[in-house]
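Participant: My questions concern the predicted model and sequence given below.
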Amino acid sequence: MKLSQTALQSVITARGLPLATLAVRAGITRAELQRAVEDGILEEDVISKVAEQLAVPVEALFAEEALPLFPAVDFRTATPHVRKFKKGTLDAIAFVERISGALASLGLSSDLDPKLAPISSALTDAKAIALAATWRAHWGMTIDQQLELADANGVYVSLRAFIENLGILVLHRSFGTDEAAGIYAQIDGAPHTIVINTTGSSKARKLFTLAHELCHVLLRAEGASNPSILKNQVERFCNKFAACRLPLRSDPGGA
């Protein structure tokens with residue numbers, strides 16, 4: 001069957017999968033995949049395997065126009081860029097795409113609370129500390145109140161409700177891998193979305209990740225991240241923000 005070369009290439013680019021990696025995951029030769037990219041030719045029984053590994057429906061590979069996909073930017077690297085993730089993380093990204101598409105089709109507002117204006121200043125520790133204090137005040141939960149709850153889940157519920165009232169959608173998803181703890185994405189007029197990875201994640205871990213991803217929203221730094229892996233200024237800033245906003249006994253990133 002003849003695929004849309006434009007659609008196939010756009011999906012491969014967005015997913016950050018080198019052809020050699022995709023070929024191995026799909027159980028085909030690199031030559032077969034290269035032929036599909038160059039000529040749009042791929043055996044019918046193989047198309048579904050390729051689509052599965054790219055975390056898109058089969059029909060997406062026949063689309064006449066490039067799809068509204070979310071680039072799989074990896075914030076675990078020194079220079080965040082689109083790169084390959086495990087299948088579970090790609091499935092989580094596809095989950096965001098599906099939810100976003102459905103919400104966009106309903107014409108729901110994607111407007112954020114005006115307080116969520118993007119941060120453009122230098123990403124210094126002092127700025128992160130000041131920003132955390134400002135947002136704790138917006139949230140309205142004092143450190144004493146947080147400590148009185150003595151339960152990360154109770155604090156999480158409060159923080160999630162606060163974030164969602166700002167116009168941000170917060171979703172839970174088991175990635176089946178711990179390579180990324182959370183994702184921040186905003187696709188085609190749909191709501192700004194945070195996805196929390198529930199795989200092997202404690203309540204305290206999910207709480208810290210939620211605060212970390214809120215900082216990603218403030219920076220408009222879209223992608224997948226892991227607060228335990230700090231190789232760039234954005235991740236260090238987001239961890240400092242989360243650690244100062246949520247004085248937990250355990251800081252996953254050592255901020």
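Facilitator: Happy to help now that I have it. Every value quoted in this text rests on a predicted model; they were computed, and no experiment measured them. Residues are numbered from 1 along each chain as shown.

Participant: can you list the weak-confidence ranges in the protein?
Facilitator: Low-confidence segments of the chain (pLDDT under 70): 1, 150, 247-255.

Participant: For residue 30, see how far away the residue most central in space within it is.
Facilitator: The centroid of the chain falls nearest to residue 183 when counting by CA atoms, centre = their mean (1.8 Å). Note on residue 183: its distance to residue 30, by CB to CB, to the nearest Å, is 29 Å. Just so you know, the C-beta spots here come from the backbone N, C-alpha and C atoms, and that holds for glycine as well.

Participant: now swap in residue 160 and tell me
Facilitator: Distance from residue 160 to residue 30, by CB to CB: 44 Å.

Participant: in the lengthiest helix in the chain, what counts as buried?
Facilitator: Longest helix in the chain, counting residues (DSSP state H): helix 87-105. Residues of helix 87-105 classed as buried under the neighbour-count rule (16 or more other CB atoms under 10 Å) are 88-97, 99-100, 103-104.

Participant: How many residues are close by the closest residue to the residue nearest to the centre of the chain other than its chain neighbours?
Facilitator: Spatial nearest neighbour of residue 183, excluding adjacent residues (CB to CB, 6 or more residues apart in numbering): residue 195 at 4.3 Å. Around residue 195 there are 26 other residues, counting by other CB atoms under 10 Å.

Participant: ok, now residue 111?
Facilitator: 10.

Participant: Any chance you could list what contacts the longest helix of the chain?
Facilitator: Outside helix 87-105, the residues that touch it by CB atoms under 8 Å, 6 or more residues apart in numbering are 15, 25, 53-56, 68-70, 72, 85, 110, 169, 171, 173-177, 179-180, 183, 185-191, 193, 195, 197, 199, 224.

Participant: after it comes which helix or strand?
Facilitator: Sequence-wise, the next helix or strand downstream of helix 87-105 (DSSP states H and E) is helix 125-139.

Participant: ok so, going back, out of the buried residues of helix 87-105, the closest to residue 77 would be?
Facilitator: residue 89 (13.9 Å; CB to CB).

Participant: separation between the closest one and residue 78?
Facilitator: 19 Å.

Participant: now do residue 6
Facilitator: From residue 6 to residue 78 the distance is 32 Å (CB to CB).

Participant: neighbour-wise, which of the two wins?
Facilitator: residue 6 (14 against 9).

Participant: tally of neighbours for the residue lying closest to residue 223 once chain neighbours are set aside?
Facilitator: Using CB to CB, 6+ apart and skipping the chain neighbours, the partner closest in space to residue 223 is residue 73 (3.1 Å). If you count neighbours by other CB under 10 Å, residue 73 ends up with 20.
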